[in-house]
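Q: Need the 3D shape of this:
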Amino acid sequence: MTIAPHNKTIALTSLLTLSLLLFFTPSALAANKPITQRAEVQQFIDKMVSKHQFERASLTQLLSEASLKKDIIKAITRPYEGKPWYKYRPIFVTKKRIRRGLEFWQANNETLARAEEKYGVPPEIITAIIGVESFYGRHKGRYRVLDALTTLGFDYPKRGKFFRNELEQYLLMTREEAIDPRSLKGSYAGAMGKPQFISSSYREYAVDFSDDGKRDLWNNTADAIGSVANYFRRHGWQHGAPIASKAQVDGNAFKKVIKKSLKPTLTLAQLTTHGVTLDEVQSDAIPASIKATLIELENRSNKEYWVGYRNFYVISRYNHSALYSMAVFQLATELRQQHIDAIATLN
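A: Predicted structure coming up:
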C-alpha cells in the first residue's frame, strides 16, 4: 500500500510516540533512575541517618557516586572455591608463593615472632593467610570498595542483606578512621588491604601493631600481621594444637560423617568407628578424645580425605570453604618445613 506524504508523516510520528511510551514504561524508568531514588537505597540512607547520625545530603551524594558494576556480580557468582581441589590447590600452593612467603617471613621475622608471643598464632599461618589473600600485599584488589559493596548490597539479592550490612560497616569504618570512602580499593567482595579484611572484620579485629596511632592494613605490614593474629585468637586458635591430619577411609560408613560444616563435632574415636583412620605416627600423637571433622577433597581420578581439628575450623572462619582452609594449611606446612631447613643449612 502506498502512503501519501502527509499520512507518512503521521505514521512516523505515531511510531515515534509508541517507541517513547514503550521506553518509558515503569520498569524501564526504574532501571534507569539514579540509585539514590530506589526505595531500598532510601531505606538504607534513612537507617544511617537515624541510627548513626550521618548527614543525609552528604550520604546521598556519596551513594550517587557509586558505580554499579556487572563484572562484580559476575565475579561473585564464579568464585575460586567452586573449583575441585585438584584445580584449586595449584592456584595457591606454588613454588613462587612459597618462595615469596619465605622472603616475607624473613623480612618480618621479629614482628611475626612478637605476634606469636602475644596472640599464640605461629608465623607460618599468618604468612600463609597474607600469601593466599593478597600475595603478601602485592594484590590488594582493583575495585573501589564503595562500588563493590553498593553493587552487591542492592543488585545481588542472594546476599544483599549481608553486603548492605558490610556497606554500613564500611561507612562507619571510614568515618572512624578519617578515610575518604571513595578512595579505598579492594576485592570484588569489598575485602581490603594485605589481609583482605571485610569492613566488619576491620572494625572488630584490626589492631595498631606498630604503635603509630592508626590501623593501616594497606601499607603497614606490622598492622596486617597483628590483625590476622588477633582475628585467629579471637576465633579460638589453640597454640600448639594440631590443625589437620591425612586420613584413609574404609567401607561406606564414613560417608555418614562427612558434613558441610567444618566445625568438629565427633571425637577421633567416633570417626574411627566409621572407618576413618590416620597413619600410625599421627594416631599415636593425637588423642582419640579430640574433636574432629572428616573432609573430602576431589582429585582428578579419586577422593582425598583429611581430618580437621579445632584450628582447621578457625582457619575456615576467614573463608568458610574447606578448599581455602586446606590451601592455607598446606602452604603454611610448606613454609614451616622450608624455614626449618633453611635454618638447619645455616647452622
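
Q: Now stretch 235-243: buried residues?
A: Under the neighbour-count criterion of 16 or more other C-beta atoms under 10 Å, stretch 235-243 has 237, 242-243 buried. (C-beta placed from N, C-alpha, C; glycine too.)

Q: what about the closest residue to His320 other than its chain neighbours, how many residues close to it?
A: Once flanking residues are discounted, His320 sits nearest to Leu262: 7.4 Å by C-beta to C-beta, 6 or more residues apart in numbering. Residues near Leu262, counting by other C-beta atoms under 10 Å, number 18.

Q: Just want the phi and psi numbers for Leu262.
A: Leu262 adopts backbone torsions of phi -90, psi 0, taken as degrees, to the nearest 10.

Q: thought it was touching Phe312?
A: Yes: with contact taken as C-beta atoms under 8 Å, Leu262 and Phe312 are classed as touching, separated by 6.7 Å.

Q: With secondary structure and distance to Ile72 as extra columns, can I get the buried residues of stretch 235-243 in TSV?
A: Compiled in TSV, the buried residues of stretch 235-243 are given as follows (DSSP: H, G, I helix; E, B strand; the rest coil; distance: C-beta to C-beta, whole Å):
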residue	secondary structure	distance to Ile72
Trp237	coil	32
Pro242	coil	38
Ile243	coil	33
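
Q: ok so, going back, need the contact list for the residue nearest to His320.
A: By C-beta atoms under 8 Å, 6 or more residues apart in numbering, the residues touching Leu262 are 293, 295, 308, 312-313, 316, 320, 322, 325.

Q: Just give me the neighbour total for Val207.
A: Other residues close to Val207 by other C-beta under 10 Å number 21.

Q: where along the stretch 51-200 of the chain do the strands fall?
A: 143-144, 185-186 (DSSP state E, counting those that start in this stretch).

Q: Which strands or helices does the first one pack on?
A: Right, the one you point to is strand 143-144. Here strand 143-144 touches strand 185-186, going by 3 or more C-beta pairs under 8 Å, 6 or more residues apart in numbering; DSSP states H and E.

Q: Where is the longest helix in the chain?
A: helix 322-346 (DSSP state H).

Q: which helices and strands sit right next to it?
A: helix 85-92, helix 95-107, helix 123-134, strand 291-298, strand 303-308, helix 310-315.

Q: can the ones you listed go into CSV with extra columns for mean neighbour count and distance to Ser187?
A: Converted to CSV, the helices and strands packed on helix 322-346 look like this (neighbours: other C-beta atoms under 10 Å; distance: least, C-beta to C-beta, whole Å):
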stretch, mean neighbour count, distance to Ser187
helix 85-92, 16, 15
helix 95-107, 16, 18
helix 123-134, 26, 9
strand 291-298, 20, 24
strand 303-308, 19, 25
helix 310-315, 23, 18
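
Q: Columns mean pLDDT on top of these, output as TSV?
A: As requested, the helices and strands packed on helix 322-346 are arranged in TSV below (pLDDT from 0 to 100):
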stretch	mean pLDDT
helix 85-92	97
helix 95-107	98
helix 123-134	98
strand 291-298	97
strand 303-308	97
helix 310-315	98
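
Q: where does this protein have low pLDDT?
A: 1-33, 280-281, 283 (pLDDT under 70).

Q: For the closest residue to Leu167 other than its chain neighbours, which residues are in contact?
A: Distances taken as C-beta to C-beta, 6+ apart place Leu149 nearest to Leu167, at 4.1 Å, with adjacent residues excluded. Counting by C-beta under 8 Å, 6+ apart, Leu149 makes contact with 163, 166-167, 170, 190, 199.

Q: Among those residues, which are located in helices?
A: Those of the contacts of Leu149 lying in helices (DSSP H): 163, 166-167, 170, 199.

Q: so which of the contacts of Leu262 comes closest to Leu278?
A: Gly308 (12.1 Å; C-beta to C-beta).
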